[in-house]
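>>> Sequence first, then the predicted structure, then my questions.
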Amino acid sequence: MPDKMSHGRSKTGVELRDEVLDQMATEAEDGLDTSRLRRRPGRPAMGSGPADSFPVRLDPELRQALDRRAVTDDTTASDIVRTALRRYLEAS
């Protein structure tokens, strides 16, 4: 049985042993230096506020047509649906 427990590795490859986790906990309790944190980009904004997910059921033929169009246009099915919905709502 090893003397020191390992809890795997971080994404950067640091072995997460008990002493490393204790050090991280102490730093968090003392107040993290947020300037040392790496900022990761999130999803780009899509309008005036956070985007909302809206599930829609599609019959298989419509879904296949949507997927083919997305490949043809080099975009995503979601982008095609948003564009079509905006056009429809502005026209009516």
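Yep, it's here. Numbering: from 1, shown residues only.
>>> hmm, who's touching stretch 11-29?
Residues outside stretch 11-29 that contact it (C-beta atoms under 8 Å, 6 or more residues apart in numbering): 4, 5, 6, 7, 8, 9, 10. For every residue, glycine as well, the C-beta is placed using N, CA and C.
>>> so what are the domain limits for the chain?
Here the domain parsing of the chain from automatic domain parsing is 6-32, 60-91.
>>> Same list (the ones you listed) but as JSON lines, adding mean neighbour count, distance to residue 48 and mean pLDDT.
Converted to JSON lines, the domains of the chain look like this (neighbours: other C-beta atoms under 10 Å; distance: least, C-beta to C-beta, whole Å; pLDDT from 0 to 100):
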{"stretch": "domain 6-32", "mean neighbour count": "10", "distance to residue 48": "32", "mean pLDDT": "86"}
{"stretch": "domain 60-91", "mean neighbour count": "11", "distance to residue 48": "14", "mean pLDDT": "95"}
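>>> Tell me which of those lies nearest to residue 38.
When these are compared by C-beta to C-beta, domain 6-32 sits nearest residue 38, at 9.6 Å.
>>> can you pull out the helices in this protein?
18-30, 60-73, 77-91 (DSSP state H).
>>> Does anything pack onto the longest one? Which helices or strands?
Identification of packing neighbours for helix 77-91 by 3 or more C-beta pairs under 8 Å, 6 or more residues apart in numbering; DSSP states H and E yields helix 60-73.
>>> How about residues contacting the helix it packs on?
Against helix 60-73 from outside (C-beta under 8 Å, 6+ apart): 58, 76, 77, 79, 80, 81.
>>> Find the nearest non-adjacent residue to the first one, please.
Residue nearest to residue 58 in three dimensions, not counting chain neighbours: residue 66, with 6.9 Å by C-beta to C-beta, 6 or more residues apart in numbering.
>>> Just the CA coordinates for stretch 73-88, please, in PDB.
Taking C-alpha atoms only, stretch 73-88 is exported to PDB below (Å, rounded to 0.1, in the frame of the first residue of the first chain):
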ATOM      1  CA  ASP A  73     -23.500  25.200 -46.000                       C
ATOM      2  CA  ASP A  74     -20.600  24.300 -43.700                       C
ATOM      3  CA  THR A  75     -22.500  25.300 -40.700                       C
ATOM      4  CA  THR A  76     -24.500  23.700 -37.800                       C
ATOM      5  CA  ALA A  77     -28.100  22.500 -37.700                       C
ATOM      6  CA  SER A  78     -28.700  25.000 -34.800                       C
ATOM      7  CA  ASP A  79     -27.500  27.900 -36.900                       C
ATOM      8  CA  ILE A  80     -29.800  27.000 -39.800                       C
ATOM      9  CA  VAL A  81     -32.800  26.700 -37.400                       C
ATOM     10  CA  ARG A  82     -32.000  30.100 -35.800                       C
ATOM     11  CA  THR A  83     -31.700  31.700 -39.300                       C
ATOM     12  CA  ALA A  84     -34.900  30.100 -40.500                       C
ATOM     13  CA  LEU A  85     -36.800  31.100 -37.400                       C
ATOM     14  CA  ARG A  86     -35.600  34.800 -37.600                       C
ATOM     15  CA  ARG A  87     -36.700  35.000 -41.200                       C
ATOM     16  CA  TYR A  88     -40.100  33.400 -40.500                       C
END
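>>> Sweet, I'm off.
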